[in-house]
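Enquirer: Take a look and give me a structure for this.
(chains A, B, C and D)
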Protein chains: 2
Amino acid sequence: MREKLKSYINRYVKMEPYEIDLIFSSMSFKRYKRKEFLLKQDDVCEERFFIIEGLVRSFTTDENATENINLFAIDNWWITDIESFVYQIPSNNSIQAIEETTVLSLSKADLEILFTKIPKLERFFRIITEHTLVAFLRKDQIYMKKNSKERYYGLIKGIPAFAQRVPQYMIASYLDITPEYLSEIRKNKN
Amino acid sequence: MREKLKSYINRYVKMEPYEIDLIFSSMSFKRYKRKEFLLKQDDVCEERFFIIEGLVRSFTTDENATENINLFAIDNWWITDIESFVYQIPSNNSIQAIEETTVLSLSKADLEILFTKIPKLERFFRIITEHTLVAFLRKDQIYMKKNSKERYYGLIKGIPAFAQRVPQYMIASYLDITPEYLSEIRKNKN
DNA sequence: CGAAAATTTGACATGACTCAACTGGAGTGG
DNA sequence: CCACTCCAGTTGAGTCATGTCAAATTTTCG
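Expert: The predicted model follows:
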């Protein structure tokens, strides 16, 4: 587990073993059962989560009580509600486990302390934030400009893990398609 | 101009005057006339631009030669093609001045050097990248889930400068509405 | 096994697009 | 400073992708 974190971090910056230890020892291991919440809408998000194993979704619930999924995250991804985390305001989203999920969680307070002790960590988060930003822009450009069918096949081709592990109505929500219409799309396989 | 940059940077991190000088002296002043390009699609983006004054758009041109605007930037904003800049791959977008625009430009090479000389600069870019990410997510959540009319009135209320300074067909492109239909929307003020 | 949840099916409605034509204003050059 | 052109914006007719609602069917899982 420490190894998983270490190899992830070292993809972006070279850290000394003692620095990895410092980071690792600031994080806490948590396990969530299916449907358990890592974060609830309207709470302030105090943590970033590094997913060791599992699958979670981030979604917002609107006036009509419709759940609207804006992202999934799986093994080896970081997840948080970035808006709530950065500005320390109530979150618009909930984060919930779809599968049994284990994470290492890092609190904002501990992170700020780590930043002072390990300047390279600023670099690390600068880089992964840039990558996250690029990923979002790609999602916009690759999926959102296209019609429903293209978005769907683009997604299951791009990230097959989602199509296999995420229920269809959640995929529909993520792609902004009604479950009924997605069903229609799948029927006429092309 | 140095002052504009300084006050912007100091909103996020406290820099010593000599650090500001170092950054400032790494940047070059440029002026673009209307319709001039800061970056052309398919070129690798080598710079980040800090807009002193003006208005630019970032857009991609698709197979049908349709221009698709994905963002605007005005005075005091940073702009670049982040995907191209970070990964040093050909850009999917062009960046073009809508109004006469003056910028301070910072090259990737100079930025990397600055990072080694001024570790605080990592922090600065980590923070503004986080803020940019939040801004994108807000755009998604605030505009893109809604219908055309709500997106339009949401935008002109949210950033009135755009409605005043950007031609209507570009607003339409940005909001993913045809110019014809946007005209329709404006007619039925309702 | 049985209940609840997920998916499919079908009838109907509509927001938004396409295409083509028209209008009006803003430059531009002679 | 007029005449012409060009481009942004508007209008209207017809169409289609996708949504809504309600019900039937299948799958999941305690």
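
Enquirer: A:Ala161 against A:Ile74, yeah?
Expert: Yes - taking contacts as Cβ atoms under 8 Å, A:Ala161 lies within contact range of A:Ile74: 5.9 Å. Placement of C-beta: from N, CA and C, glycine included.

Enquirer: Of these two, which one has the most company?
Expert: Using other Cβ atoms under 10 Å in any protein chain shown as the criterion, A:Ala161 and A:Ile74 rank with A:Ile74 on top: 19 against 12.

Enquirer: Need the phi and psi values for the residue nearest to the more buried one when sequence neighbours are not counted.
Expert: Nearest residue to A:Ile74 in three dimensions, chain neighbours excluded: A:Leu55, at 5.1 Å (Cβ to Cβ, 6 or more residues apart in numbering or on different chains). Phi and psi for A:Leu55, reported as degrees, to the nearest 10, are phi -150, psi 130.

Enquirer: do the one 3 residues further on as well
Expert: Backbone torsions of A:Ser58, given as degrees, to the nearest 10, read phi -110, psi 130.

Enquirer: With the one 4 residues further on instead?
Expert: The main-chain torsion angles of A:Asp62 are listed as degrees, to the nearest 10 and equal phi -90, psi -180.

Enquirer: For the nearest residue to it once chain neighbours are set aside, list each beta-bridge partner.
Expert: Take A:Asp62 and drop its neighbours on the chain: the residue closest to it by Cβ to Cβ, 6+ apart is A:Asn68, 6.1 Å away. Counting by DSSP bridges, A:Asn68 forms beta bridges with A:Thr60.

Enquirer: can I assume A:Ile52 sits in a strand?
Expert: Yes - secondary structure assignment places A:Ile52 in a strand (DSSP: H, G, I helix; E, B strand; the rest coil).

Enquirer: how about the nearest residue to it, chain neighbours excluded?
Expert: Nearest to A:Ile52 is A:Thr102, by Cβ to Cβ, 6+ apart, at 4.5 Å.

Enquirer: wait, the one you found sits on A:Glu53?
Expert: Yes - with contact defined as Cβ under 8 Å, A:Thr102 counts as touching A:Glu53 (5.2 Å).

Enquirer: give the contact list for the residue of chain A found nearest chain B.
Expert: Residue nearest to chain B within chain A (Cβ to the nearest Cβ): A:Arg126, separated by 3.8 Å. For A:Arg126, the contacting residues are B:122-123, B:125-126, B:129, by Cβ atoms under 8 Å, 6 or more residues apart in numbering or on different chains.

Enquirer: List just the nearest of those to A:Asn92.
Expert: Nearest to A:Asn92 among the contacts of A:Arg126: B:Thr129, at 20.1 Å, using Cβ to Cβ.

Enquirer: Could you tell me how many residues sit around that closest one?
Expert: Residues lying near B:Thr129 (other Cβ under 10 Å) number 22.

Enquirer: what does chain A put close to chain B?
Expert: Where chain A comes near chain B, counting by Cβ under 8 Å from any Cβ of the partner chain, the residues are A:60, A:68, A:70, A:82-83, A:86-87, A:92, A:115, A:119, A:122-123, A:125-126, A:129-134, A:136-138, A:140-141, A:144-145, A:176.

Enquirer: Let's see that with 6 Å instead.
Expert: Selection of chain A residues close to chain B by Cβ under 6 Å from any Cβ of the partner chain yields A:82-83, A:86, A:119, A:122-123, A:125-126, A:129-130, A:133-134, A:136.

Enquirer: Could you dump those residues into CSV with pLDDT and distance to A:Phe24 added?
Expert: CSV is the format used below for those (pLDDT from 0 to 100; distance: Cβ to Cβ, whole Å):
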residue, pLDDT, distance to A:Phe24
A:Ile82, 97, 22
A:Glu83, 97, 27
A:Val86, 97, 23
A:Pro119, 93, 18
A:Glu122, 96, 18
A:Arg123, 96, 18
A:Phe125, 97, 16
A:Arg126, 97, 20
A:Thr129, 97, 21
A:Glu130, 97, 24
A:Leu133, 96, 26
A:Val134, 96, 27
A:Phe136, 90, 28
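
Enquirer: of the residues you listed, list those near DNA strand D.
Expert: Applying Cβ under 7 Å from any atom of the strand to these, one finds that nothing falls near DNA strand D.

Enquirer: Now, of those, which are buried?
Expert: Neighbour counting with 16 or more other Cβ atoms under 10 Å in any protein chain shown marks A:82-83, A:86, A:122-123, A:125-126, A:129-130, A:133-134, A:136 as buried within those.

Enquirer: what about the residue nearest to A:Ile52, how many residues close to it?
Expert: When neighbours are counted by other Cβ under 10 Å, A:Thr102 comes out with 17.

Enquirer: got the buried residues for the helix or strand hosting it?
Expert: Of the helices and strands defined by DSSP states H and E, A:Thr102 is found in strand A:101-107. For strand A:101-107, a neighbour-count test (16+ other Cβ under 10 Å) marks A:101-106 as buried.
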